[in-house]
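# when you get a sec, could you give me coordinates for this:
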Amino acid sequence: MRHILRMIALVSTLTVALTAAILTNRHTDTDATAQAKPEEITIAHGSDRRPSETATDWVTYADHVVVVTPVSEKEIAPAETELQRGEGLLLRNVELRVANVLWSRPGATQAPSAFAWTAYGWHFKDGSTANRIKMAGEGDSRIELGHTYVMAIQWEPARCSEGDSVPAGWRGLGTGSTMPFDGGLLGQGESEGKNQSATEARALADTSSGTLEEQMAGRTAADLARVLDSAQPVEPQQFGPAARSSAACE
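Residues are numbered from 1 along each chain as shown. Now for the predicted structure:
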């Protein structure tokens, strides 16, 4: 039960396999002779809760699109089974403060002023939580202090699954529902645990026919709001078990 509770709040669900990747730090030292040391990051691959790659996906499944800033974080202790195995995940509870609401679905639950978010932390191995490697989701933001993000969020009621309860909360749709937003530019900031500029984001993006995040790279929140206002929702699909009252989980 505890493992399910820790994992359900993630933007995407982890698969069993974790791929360790060496990602080059893009920071340039002012000393031309200094070299930034590459940082090892474990990249988690998973499946999304909801479709999240297009403006249609966002206006179909999201309740709100908000600008958020992480204000605090706390490491979550690993499950006992992971400690016994000597390998597992160290997730983080991150408190997000809502700075602005860019779009809301008519009739949606009121947007929060702040909310909790379960984020990737580290992958530990070799029997010690001190032997840890930074962890991020593939194609997604890790959600780090000192950065700003735009998120498409959905209120999910408490539900039961195979006899275990999952608490209600604000959750993302998938890997495509969080965009870096440092300096007021979409795509600029932290992604996969490393920093990128708006110029770099646009260079990597297909701005004509790619995902919403790619199309919006280097643009502003006002640009995104206009795109969402003009997008039309479709009939939503049902994913996973239907929500039940919390009393049904007791």
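
# so which bits of the top strand by length along the chain are buried?
Ranked by residue count and defined by DSSP state E, the top strand of the chain is strand 88-104. Within strand 88-104, the residues that qualify as buried are 88-96, 98, 102-104, counting by 16 or more other CB atoms under 10 Å. In short, each C-beta sits where N, CA and C put it, glycine included.

# closest to residue 58 out of those?
Nearest to residue 58 among the buried residues of strand 88-104: residue 103, at 7.8 Å, using CB to CB.

# got a list of what that closest one touches?
By CB atoms under 8 Å, 6 or more residues apart in numbering, the residues touching residue 103 are 58, 59, 62, 64, 65, 224, 225, 228, 229.

# ok, so of the residues you listed, who is nearest residue 195?
residue 224 (20.6 Å).

# what's the distance between that closest one and residue 212?
Distance of residue 224 to residue 212, given as CB to CB, to the nearest Å: 8 Å.

# can you check residue 175 too?
Residue 175 is 12 Å from residue 212, by CB to CB.

# ok, residue 182 next?
Where residue 212 is concerned, residue 182 sits at a distance of 18 Å (CB to CB).

# do residue 127 as well
From residue 127 to residue 212 the distance is 42 Å (CB to CB).

# more neighbours, these two?
residue 212 (23 against 12; other CB atoms under 10 Å).

# do I have it right that that one meets residue 176?
Yes. Using CB atoms under 8 Å, residue 212 is in contact with residue 176, at 6.5 Å.

# show me where the chain has its strands.
12-23, 39-48, 64-75, 88-104, 114-125, 128-137, 149-156, 159-161, 164-166, 169-172, 178-180, 189-191, 194-196.

# so which residues make contact with the longest helix seen in the chain?
Ranked by number of residues, the top helix in the chain under DSSP state H is helix 221-230. Here helix 221-230 makes contact (CB under 8 Å, 6+ apart) with 55, 58-59, 65, 67, 100, 102-103, 150, 181, 184, 186, 212, 215-216.

# and that helix, how far out from the chain's middle?
The chain centre lies 20 Å from the centre of helix 221-230; the measure is CA atoms, centre = their mean, to the nearest Å.

# remind me which residues of the chain are low pLDDT?
1-37, 161-164, 240-250 (pLDDT under 70).

# just to revisit the earlier point, need the buried residues of strand 88-104 in CSV with distance to residue 39, can you?
Formatted as CSV, these follow (distance: CB to CB, whole Å):
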residue, distance to residue 39
88, 21
89, 18
90, 17
91, 19
92, 17
93, 23
94, 20
95, 25
96, 24
98, 30
102, 32
103, 34
104, 37
